[in-house]
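>>> Show me the folded form of this:
(2 chains)
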Amino acid sequence: MSVRVRIAPSPTGNLHVGTARAALFNWLYARANDGVFIVRSDDTDRDRSTAEYEAGILESLRWLGLDWDEGVSVGGPHGSYRQSDRYERYREVAEQLVASGAAYYDQRPTDELEALRQKAQKEGKHPGYYIRRPETEADSGVIRLAIPQDAPIVFDDVIRRTVSFAPQDVDDFVILRSDGIPTYHLASTVDDIDYEITHVARGEDLLPSTPKHILIARGMGAGEPIYAHLPLLFGTDGKKLSKRHDASSLTEFRDAGYLPDAVFNYLCLLGWSVDGETTIFSRDEAVAAFDLADVSKNPATFDTEKLEWMNGEYIRAMDPSRFSELVVPFVEEAVGRQLDEAELARFEEISPLVQERTKLLPEAGEQVTFLFTEIGEYDEKSWDKVMTKEGVSDVLAAAAERLGGLPVWTAEAIEESLRAMLAEMEVGVGKGLQPMRVAVTGSSVSPPLFESMAVLGQEKTIARLDTARTRLTR
RNA sequence: GGUCCCGUCGUCCAGAGGCCUAGGACGCCGGCCUUUCAAGCCGGAAACGCCGGUUCGAAUCCGGUCGGGACUGCCA
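I've put the predicted structure just below:
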């Protein structure tokens, strides 16, 4: 039987990194086994689900480069792949389960159930221990699955090997709410069976729910899929990935200037590796090496710093013209306006030098604003550090004069001229060039100086040297 | 509280009884290169949670312990 896997996000927010990684592993497994990758919308939470979120999630999946063969928006033999369109089917299954005795109606009031829970807790038992099929059957209310108490529920998890639950520790959980809407457990399991999902790879948080899903599947007279419970993802603080401190949705990563290839590569490494040595690899290499059984068992901490490093690697490996093209919007954002054609040409000149020192796309913009806007304020630290030294004024004056007389305005010519000048003045190269850098770019950190001057233009360069010197004498 | 899962450098991953004086990557520290910052190159510090057992031999197997996490809803 060919592999059929799925990712089933709830459209109640943007695509979370945890979900994205689960999607990624499912996708890898499908592609590695010539299988089918399905995207389903688990939108049974009517209050929180929106079409906008759903569209956003799909867009994020595409952005990451995960294409799907069946499911929401691409269609397939199973309709819309939205659970909200299948309420009748779930109700039908629930009724069947009642008819076969596998489930029952329960209309006990909540306070009665709560009392039973507390009693069980007090006795050190599972809270649902006493919530079992009542003596007298009801004919309305919620529908609960009756957990057969005679045997443990055992299954083989691809990642965790054999997992076993005692029936006393599985509660008679609700499968159909009193308003006729299915719960997650029912809807998800019915879909997995109806869509003939062969492998369910999902977060480890669902491990305790797995016996429930297996029992529903059995009640339907179907075989259960093979399960693979992925280790959870945590934030750098060791806690669950938080929305406050970490970027947690894929759109945030995109907006922060991360490349999809880098995010893809990094996410692969959270719980899996090609061989323990290889860090940077392509999608094809990942597909060729991937197996669910190789996914590690322990939870992974999301390390933004490593992702950033990796993003830098991908940026440096990028075709220069592609980089330039990609980064222009960020430059315009930093400059605060659109660039005209001449400015774009100037940016392209210096772009390769910026590419080498960019980890996140927006940084590229910040590095070159000096080319397109006047220096409003010099970086205070830079100024204090390099401009307050002795002889700075002389160096700036001499440089302005030298450069004013330069017949050819190229980086090479500028370099030659300034080096000669500093040699004559007997000023060290580092010591002499730094003030010019601050004068021209506003900061002691910038792209290489000669190229920066070349792109800025002769007139502006000289003007800035003068401006800085004037400010110095005040 | 109960059930289940997990436990190798700060972090991620490798290691499936001898190849381990434990390997790779990020980060960190030092050096080189150098017009700054990056990048690059070289070097360094840094881990098998603990206790027993099995075995000639254990990071690898078993038990216990401690620690972390998930779940415990008419949320998903």
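
>>> Relative to its centre, which residue of chain A is most distant?
Ranked by distance from the centre of chain A (C-alpha atoms, centre = their mean), the top residue is residue A:424, with 54.8 Å.

>>> mind checking how far that one is from RNA strand B?
Per C-beta to the nearest atom of the strand, to the nearest Å, residue A:424 is found 16 Å from RNA strand B. For glycine as for every other residue, the C-beta is placed from the backbone atoms N, C-alpha and C.

>>> Kindly report the same for residue A:419.
Separation of residue A:419 from RNA strand B (C-beta to the nearest atom of the strand): 8 Å.

>>> That residue: neighbouring residues, count only.
14 (other C-beta atoms under 10 Å).

>>> doesn't it fall inside a helix?
Yes - remark: residue A:419 belongs to a helix, assigned using DSSP: H, G, I helix; E, B strand; the rest coil.

>>> Where does pLDDT dip in the stretch 151-300 of chain A?
Applying pLDDT under 70 to the stretch 151-300 of chain A flags residues A:236-247.

>>> circling back to that earlier point, what about the residue farthest from the centre of chain A, which helix or strand?
For residue A:424, the enclosing helix or strand under DSSP states H and E is helix A:411-425.

>>> Return that helix as PDB; C-alpha atoms alone will do.
Extracted C-alpha coordinates of helix A:411-425, given in PDB (Å, rounded to 0.1, in the frame of the first residue of the first chain):
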ATOM      1  CA  ALA A 411      37.400  52.200  -5.600                       C
ATOM      2  CA  GLU A 412      40.900  51.300  -6.800                       C
ATOM      3  CA  ALA A 413      41.800  54.800  -7.500                       C
ATOM      4  CA  ILE A 414      40.400  56.000  -4.200                       C
ATOM      5  CA  GLU A 415      42.300  53.300  -2.300                       C
ATOM      6  CA  GLU A 416      45.600  54.000  -4.100                       C
ATOM      7  CA  SER A 417      45.300  57.700  -3.400                       C
ATOM      8  CA  LEU A 418      44.300  57.500   0.200                       C
ATOM      9  CA  ARG A 419      46.900  54.900   1.000                       C
ATOM     10  CA  ALA A 420      49.600  57.100  -0.500                       C
ATOM     11  CA  MET A 421      48.300  60.000   1.400                       C
ATOM     12  CA  LEU A 422      48.300  58.200   4.800                       C
ATOM     13  CA  ALA A 423      51.800  56.900   4.100                       C
ATOM     14  CA  GLU A 424      53.000  60.500   3.400                       C
ATOM     15  CA  MET A 425      51.300  61.700   6.600                       C
END
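
>>> Now do that helix: distance to the chain's middle.
48 Å (C-alpha atoms, centre = their mean, to the nearest Å).

>>> now stretch A:271-280
Worked out by C-alpha atoms, centre = their mean, stretch A:271-280 lies 19 Å from the chain centre.

>>> quick one: it near RNA strand B?
Yes - contact of stretch A:271-280 with RNA strand B (C-beta under 7 Å from any atom of the strand) involves A:271, A:272, A:273, A:275, A:276, A:277, A:279.

>>> can you check stretch A:112-129 too?
Yes - contact between stretch A:112-129 and RNA strand B, assessed by C-beta under 7 Å from any atom of the strand, occurs at A:113, A:117, A:121, A:124, A:125, A:126, A:127, A:128.
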